[in-house]
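Asks: With the input below, show me the fold.
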Amino acid sequence: MIFHEIKVHYDRQTGEDNPGKVKEVYLVHGAVSFADAENCLLTEIKPFIFGDCEVQNCKRSQYFEVFPNEGGAFWYKARVEMITIDGEKETRKNVPVLVQANTLDDAVFALKQALKSYDCELISIAKSPVVDILNAVQ
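Replies: Take a look at the predicted model:
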């Protein structure tokens, strides 16, 4: 799955009375261009912008799979080694995946459950800076 990963800095209401500068990372799926991805993101966060807004970076990112969980508060990025056997030749390929969970332990458990039908091994997992995944195609 190919996404546009966008880093944005903007003024947002962070407390009761004080606006603050936040730096967030979003993924946009289904955008046909960088401009389309940025437009989708800015449309989504427009109600939260309180002052300046600046897109810092926009790049393409690819993930083997994304496992959303509506109850999850954070996104975790994992590196999984996929093992394929073609005849007598064994091939190992590291692929990135995203899983949404509340804690690291929950993310590991959810990932193991989601990938149990694959022949693979979890190499690493860490909290991702991704705040949300948006869909450009409505």
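Asks: give me the element residue 112 is part of.
Replies: helix 104-114 (DSSP states H and E).
Asks: Can you name the element that comes right after that helix?
Replies: strand 120-127.
Asks: So what touches that next one?
Replies: 74-83, 94, 99, 104, 107-108, 111-112, 115 (Cβ atoms under 8 Å, 6 or more residues apart in numbering). Using the backbone N, CA and C atoms, a C-beta is placed for each residue, glycine as well.
Asks: got it, and stretch 52-68?
Replies: Stretch 52-68 is contacted by residues 1-11, 23, 27, 34, 37-38, 41-42, 45, 80, 82, 95-100, 110-111, 114, 133 when judged by Cβ under 8 Å, 6+ apart.
Asks: Buried by neighbour count: which residues of that stretch qualify?
Replies: 53, 58, 61, 63, 64, 65, 66, 67 (16 or more other Cβ atoms under 10 Å).
Asks: mind giving me the domain split of the protein?
Replies: Using automatic domain parsing, the domain parsing of the chain gives 2-61, 65-128.
Asks: which stretch in those is the model least sure about?
Replies: Among the domains of the chain, domain 2-61 carries the lowest mean pLDDT, at a mean of 90.
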